[in-house]
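Enquirer: Okay, sequence plus prediction incoming.
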Amino acid sequence: MLEVRHLETSYGSSQVLYGIELHIGVGQVVTLMGRNGMGKTTTIKSICGMVAPQAGSIILEGQDIAGLPSHTIARAGIGLVPEGRQIFPNLTVKENLVATAHNLAGSPNPWTIDRVLDFFPSLASRINGMGNELSGGEQQMLAIGRAIMTNPKLLILDEATEGLAPQIRADIWLSLAELKSEGQAILVIDKNLAALNRIADQHFIIEKGVSVWSGTPKELDAEPKIKERYLGV
C-alpha cells in the first residue's frame, strides 16, 4: 500500500532525514520507532505533505505522492492523528467529526458519526460539547474519530498515547487492535513497546534520520542489543 524509499527531508539548510525506508501492506499495523529527535515526526510530515522531501519517493498504491500538497494526499487516502491531537477547540464534537467526513474511496461500510460514537461511547454524551471542554483522553478519541471519518486507506498516529492516563492508553490500544481486525492499515509512533508488540506486524527503527533496523515484534524481542542501542529500553 505505502512504500517510502530513500527519503531525505530538510528544514531550510538543516537536513533531518538522510534515508528513510519503510513499507506498509494492506491491513498491516507498522510502527516507526526511535528516540526523541531522530526524525519520526518529520517522516510523518513528509508522508502527509506538510514538508516537501528533497529526495526519495513515497509511493501510495503505485502513485508517487512525495511533494504533493497535504490536502491532495489526504484526499488520496491518508488520515492523520497528529501529535498533540490538534482537534478544533471551538467546534463541538459533532462539528469536529463532520468537518472531515468524506468517502472518496467508496468504502462499502464507511465511517459515520453514529459508527464513531459506537466505537468511542464516551464521546456520545459529549457530542454537543466543545472540543476544548474534553479531557485529554476524549480529545485523543475525537482526533482518531476525526481521522477515520475520512475513511482512510492508511491511518497514521503520531505519539498515539502520549500524556494519557493508563486506562485511557489501554482503551486506545484496544481501539487500534479493533481497527486492525477490520482491515485498517495503520502506521503508529509510540514509546510503549509492549503495547506496540501486541498489534504490530512490522517495526521500523530510525536513528538520526536514517533507517537502521526493521523486523517483526518477535525478531525485535530476540535482539536485546538493538532495543538497548536504539530505543533505550
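Expert: All right, it came through fine.

Enquirer: so residue 141, which of the three states?
Expert: helix (DSSP: H, G, I helix; E, B strand; the rest coil).

Enquirer: Pretty sure it sits against residue 126.
Expert: No: under the criterion of Cβ atoms under 8 Å, residue 141 makes no contact with residue 126, lying 9.6 Å away. The C-beta positions use only the backbone N, C-alpha and C, and glycine is treated the same way.

Enquirer: ok, now how distant is residue 47 from residue 25?
Expert: Distance of residue 47 to residue 25, computed by Cβ to Cβ, to the nearest Å: 16 Å.

Enquirer: what about those two, which has more around it?
Expert: residue 47 (27 against 13; other Cβ atoms under 10 Å).

Enquirer: Now residue 98: closest residue in space that isn't a chain neighbour?
Expert: residue 113 (7.1 Å; Cβ to Cβ, 6 or more residues apart in numbering).

Enquirer: What of residue 20?
Expert: Residue 20 sits nearest to residue 7 (Cβ to Cβ, 6+ apart), 4.0 Å away.

Enquirer: repeat for residue 129
Expert: residue 93 (5.8 Å).

Enquirer: for the one you found, what are its contacts?
Expert: By Cβ atoms under 8 Å, 6 or more residues apart in numbering, the residues touching residue 93 are 123, 126-129, 131, 134, 142.

Enquirer: next structured bit after the lengthiest helix in the chain?
Expert: If you go by DSSP state H, the chain has its longest helix at helix 166-181. Counting by DSSP states H and E, the next helix or strand C-terminal to helix 166-181 is strand 185-189.
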